[in-house]
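K.L.:
How does the following fold in three dimensions:
(3 chains)
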Amino acid sequence: MLWQATTNGLLLGGLYGIATIGFSMVWGVMGVINLAHTGFIMLGAYTTYGLYHWVGLDPIASIPISMAAMFALGYVLQVLILNQIIRTSLLLSLVVTFGIELVMVDAVSNAFTSDVRSVNASYAASSIELFGVLIPVVRLVAAGFSIALGIAFYAFLRFTRAGQMILATALDREVAALMGINPERIYALTAGAGAALAGATGSLASMLFPIMPGMGLTFLSAVFVITVLGGIGSVEGCIVAGFIYGLVQAWSGYYLGANYQEIVGFALFLLVLVLRPQGLFGRAFFGEHA
Amino acid sequence: MALLEASDLEIRFGGVKALAGVSFHVEAGEIFGVIGPNGAGKTTLLNAISAVYRLDGGSIRFDGADVTGLRPHRLSRLGIARTFQIVQPFKAMNVRENVAIGAMFGHARLRTRAEWLAAADAALERTGLAPKAELMPPQLTLADRKRLEVARALAMGPRIILFDEVMAGLNHTEIERMIDLVKSLKQAGLTVVIIEHVMKAVLALCDRIMVLNFGAKLAEGAPGEVVSDAKVVEAYLGQRFAKAHASAQPAAGGAA
Amino acid sequence: MSPAPRIRRRALVLWALAIVGVALLAAAPLVLNNYWLRVLTTVFMYAIVTQGLNVIVGLAGYHAFGNAVFFGFGAYGCGVAMTLGLPFPLALVAAVAVSAAVAGVIGWPILRLRGHYFAIATVALNLAAIQLVIQVGGITGGAQGLPLPLSDLPPGPLYRAIYLVMLAGMVVSTLLVAFILTRPFGYALRAIRDGERAAGVMGIDTTASKVAAWAISAGITGFAGGVWAYWITFIEPASAFDPAIGVKAYMMLILGGMGTVVGPVLGAFVLEFLSTLVWGGFVTAHQIVFGVLIVAICLVAPNGMLVAGRTLIQRWRSRHGAA
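P.N.:
Next up is the predicted model:
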């Protein structure tokens, strides 16, 4: 059973990892704590649900669509709202993104009611047995896609011009501006990319978790812990910390009971913050807040 | 008698040693200068002494007592005051209030509002800021903001003041005024440590100088000896320049 | 520190106005109907929470975004104390003490964090508290919620009494902030807000000051939570620790002006009346309206309504003069 729990934890860890990358990047690049991030995850799940329900689209096939939709939403919100207040203070970005999250959740509650929804892919019930451990195909698929997306995003940052511009802006906004990079455009791009990853997370999560307006909140502790654990703005840190978080969750569920999973998560978060705010793997990415 | 004694100070950032075992002492009543190229660890040294950074090794004695590991506010009440290179005024308080904070919290003996304000006014008078007492810090020139740093330190009634590049960014007249101010502090019996890039000021003021390079002590002694020391010239100007000028005594000014 | 006579006269007028205002509010229950009694009680409650937030955010500059956690601790402190048989006044003392003690203990490690890190640590604290009550349960009633013992008073006098207690809380917390601002402690907090390093080397015990400020902030917030619990007689984790309470207080603080004495009260009146008026028209979309309101306020009046108003008047005047 411990092996089963460990396997489950690792499989979920991948999903937690990509749930966090967008949040961590937005924080690292523009110093915004985006409380609406989990709202994008929830919207991604409902996008998949809607496409599955009305068009009969397979949840996996809906990932690009929900990513594109969330990219657009993230980009537009950044341009219209966040870019206007981003330089004034930390607290405004917290308050504003909380407000955006409220609107998202309530809009979905009004459109879909608060009832729990679900999608059932054709392969939902099947699972593979490996060394006595049962691996549900859906979870395997979700974990695989998560890792693939994480790697793709890493490659995007390292090897494309846009990615390089994002990293340059994160390191030094002024110098980046001198080099002809328009920071506000880069911020919008980062916000869009972050939201797209959140959307993908939502699509994948829709196969594993009940879909409801408040589902984003269940990711919030994971997102916080993994961001800090992995180091602000670090993609590879997010992936590794995602697995660690998944394992801790699974083991605390196994040893203490499912009730304590979330409390252990928060405790871990506060512990890491106090003992090692620079993350497990290095220094704070965003120098100003070290 | 040594008022301040530092032994084997060590500060690490990650794997980098910003201070690698620096020892020195400051005599009561003297002006002690710390110079060195950019990144030599001068400001780190000041932060170590004033406990803004936690020491990774070494010890500090002040007036014969071990003060290693004391928090900044405890040090300030013992009589150690400092200024910041990047001035840090409390921007929502006027100049007088800024200075009064030093008297209110950093002074070992003052207890009443009247005493705090009197100490603040005296410090403003001494630094020439009295006419600007009611202004807000953003309304001050850089020179005045540097003087505000000094006034805040003075209001604490310190026995030693650590100056972190109070001359940087000032013009010639302003530097002259600041030199006069520091001289007057010495005459009043204060002990002074200055970190400075402006060599003219260092030579005019200091009784002794310590040179830092790569977080370690390179030389120490009277200003005249130190600036003609071949190692020092090399650290500042590069090896080739040092060799070329090995026979000629290098001119003292403008090394920064 | 040496106010000019003109400023002193203005302060005198403001004090007089404030005293008259409080006297009127204290007498108001004689004429108000139940609806407006409830609205005003809510306004006072938020004014207290905002004033509590003002101490840690406005004065000390630490963004305790999850400060609603102390509202919950106050509510549960009062609820549990009353379940154990304490009378309401003593239970309220317990609520304040529990909240302040939690902040004091947690403050030592957490207040070492700065900026973003401190902000999300408090958010995590807020969410963790919900989970803690739900999962650990025990005497708190867990997820089922906790009914408080009913009062002997009939509803009418009870609601008027609660109104007056909330009003008193608002007045006292406001006076407390005014008092702090005149004390060295107030100067220490403002110094920490504007430059913590400089504050430290100038002799301020920054850690002790911050922890004390958070404990005071938590005590004030816990008071509001305690009275609220008695008022609504049934509390559950999700409503007592609702992060939206903290965020609403944040909006009121922004609107009224951070670090000022009466700003939080003004902000509470304006935003609560505004949302009461607006929400009447959007029964099913409260959160959407609130969310839009948040975004709008941050875009239009990020430095408070007084600053925004002044800017608006200046702009109008200059345009008027040019025409």
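K.L.:
Regarding the nearest residue to C:Gly195 once chain neighbours are set aside, what is its secondary structure?
P.N.:
Distances taken as Cβ to Cβ, 6 or more residues apart in numbering or on different chains put B:Gln88 closest to C:Gly195, at 4.1 Å, once the chain neighbours are dropped. Backbone N, C-alpha and C define where each C-beta goes, glycine included. Secondary structure state of B:Gln88, per DSSP: H, G, I helix; E, B strand; the rest coil, is coil.
K.L.:
Surely B:Gln88 and C:Ala198 touch.
P.N.:
Yes - if you go by Cβ atoms under 8 Å, B:Gln88 and C:Ala198 touch, sitting 4.0 Å apart.
K.L.:
where exactly do the strands run in the stretch 51-200 of chain A?
P.N.:
Taking DSSP state E, counting those that start in this stretch, the strands of the stretch 51-200 of chain A run over residues A:127-130, A:133-136.
K.L.:
Against A:Phe153, how distant is the residue nearest the centre of chain C?
P.N.:
The residue lying closest to the centre of chain C (Cα atoms, centre = their mean) is C:Val49, at 1.5 Å. Separation of C:Val49 from A:Phe153 (Cβ to Cβ, to the nearest Å): 40 Å.
K.L.:
How about C:Leu40?
P.N.:
With distances taken as Cβ to Cβ, C:Leu40 is found 52 Å from A:Phe153.
K.L.:
Then C:Leu12?
P.N.:
C:Leu12 is 62 Å from A:Phe153, by Cβ to Cβ.
K.L.:
what do you get for B:Phe13?
P.N.:
For B:Phe13 relative to A:Phe153 (Cβ to Cβ), the value is 30 Å.
K.L.:
Neighbour count: the two, which is higher?
P.N.:
A:Phe153 (23 against 12; other Cβ atoms under 10 Å in any protein chain shown).
K.L.:
which residues sit in contact with that one?
P.N.:
A:Ile18, A:Ile21, A:Ala193, A:Leu197, A:Val235 (Cβ atoms under 8 Å, 6 or more residues apart in numbering or on different chains).
K.L.:
returning to what we had before: could you work out which of the strands of the stretch 51-200 of chain A reaches nearest to chain B?
P.N.:
strand A:133-136 (40.1 Å; Cβ to the nearest Cβ).
K.L.:
next one: that closest one to chain centre, how far?
P.N.:
Averaging C-alpha coordinates over strand A:133-136 and over its chain gives two centres that are 25 Å apart (Cα atoms, centre = their mean, to the nearest Å).
K.L.:
In the helix or strand harbouring A:Tyr46, which residues are buried?
P.N.:
With secondary structure defined by DSSP states H and E, A:Tyr46 is part of helix A:37-50. Residues of helix A:37-50 classed as buried by neighbour count (16 or more other Cβ atoms under 10 Å in any protein chain shown): A:37-50.
K.L.:
Pick the one among those residues closest to B:Glu174.
P.N.:
For the buried residues of helix A:37-50, the residue nearest B:Glu174 by Cβ to Cβ is A:His37; the value is 49.8 Å.
K.L.:
Tell me who's in contact with that closest one.
P.N.:
By Cβ under 8 Å, 6+ apart, the residues touching A:His37 are A:Gly22, A:Phe23, A:Val26, A:Thr97, A:Gly194, A:Ala195, A:Ala198, A:Val223.
K.L.:
pretty sure B:Ile60 is in a strand, no?
P.N.:
Yes - assessed by three-state DSSP, B:Ile60 belongs to a strand.
K.L.:
Take the contacts of A:His37 and write them to TSV, including pLDDT and distance to A:Ser62.
P.N.:
Putting these into TSV (pLDDT from 0 to 100; distance: Cβ to Cβ, whole Å) gives the following:
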residue	pLDDT	distance to A:Ser62
A:Gly22	91	18
A:Phe23	94	22
A:Val26	90	24
A:Thr97	91	25
A:Gly194	94	19
A:Ala195	95	16
A:Ala198	95	15
A:Val223	91	22
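K.L.:
ok, the spatially closest residue to A:Leu157 that is not a sequence neighbour to A:Ile186 distance?
P.N.:
Taking Cβ to Cβ, 6+ apart, and ignoring the residues beside it in sequence, A:Leu157 has A:Gly163 as its nearest neighbour in space, at 3.8 Å. Counting by Cβ to Cβ, the separation of A:Gly163 from A:Ile186 is 10 Å.
K.L.:
higher neighbour count, those two?
P.N.:
A:Ile186 (22 against 18).
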